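Undergrad: Curious how this folds, go ahead:
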Amino acid sequence: MSKPVVQCPTCTTEVVFAPESRFRPFCSERCKLIDLGDWAAENHRIPDKSPVAPELGEAYLAELEAELMGQDNEFFRN
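TA: Okay, the predicted model is just below:
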């Protein structure tokens, strides 16, 4: 029985998906780290399809931010 072959998600090199392929499904540590960096930089995201609660909408947040900026913030003056 032949072992399954997959493409490296980063560079599309063919990789045997087996325990001896140390970085599977990636072809190398370099490709693995490139992918990790992309996730850390939020270049890859899992989409959130849930509706935004109206109380947390952009208009409300902008209004809240304006209100907080207009307050007398003694804490930041010292």
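
Undergrad: hey, let's count contacts and neighbours off CA atoms from now on
TA: Fine.

Undergrad: On the pLDDT front, check residue 34 for me.
TA: With respect to pLDDT, residue 34 has a value of 95.

Undergrad: what about it, neighbour count?
TA: By other CA atoms under 10 Å, 13 other residues sit near residue 34.

Undergrad: Next up, identify which helix or strand it is on.
TA: helix 29-40 (DSSP states H and E).

Undergrad: what does that helix contact?
TA: Defining contact as CA atoms under 8 Å, 6 or more residues apart in numbering, one finds that helix 29-40 is touched by 8-11, 23, 26, 44-45.

Undergrad: next SSE after it?
TA: Next helix or strand after helix 29-40 toward the C-terminus (DSSP H and E): helix 58-70.

Undergrad: and that following helix, how far out from the chain's middle?
TA: A distance of 27 Å separates the centroid of the chain from that of helix 58-70, by CA atoms, centre = their mean, to the nearest Å.

Undergrad: List the buried residues of it.
TA: Judged by neighbour count (16 or more other CA atoms under 10 Å), helix 58-70 contains no buried residues.

Undergrad: Can I get the contacts of helix 29-40 in TSV including neighbour count and distance to residue 65?
TA: As requested, those are arranged in TSV below (neighbours: other CA atoms under 10 Å; distance: CA to CA, whole Å):
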residue	neighbour count	distance to residue 65
8	19	44
9	15	41
10	16	40
11	12	43
23	17	46
26	25	44
44	12	29
45	10	27
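
Undergrad: what's the farthest-apart pair in the residues you listed?
TA: With distances taken as CA to CA, the most widely separated pair in the contacts of helix 29-40 is 23 and 45, at 21.8 Å.

Undergrad: With that, I have no additional questions.
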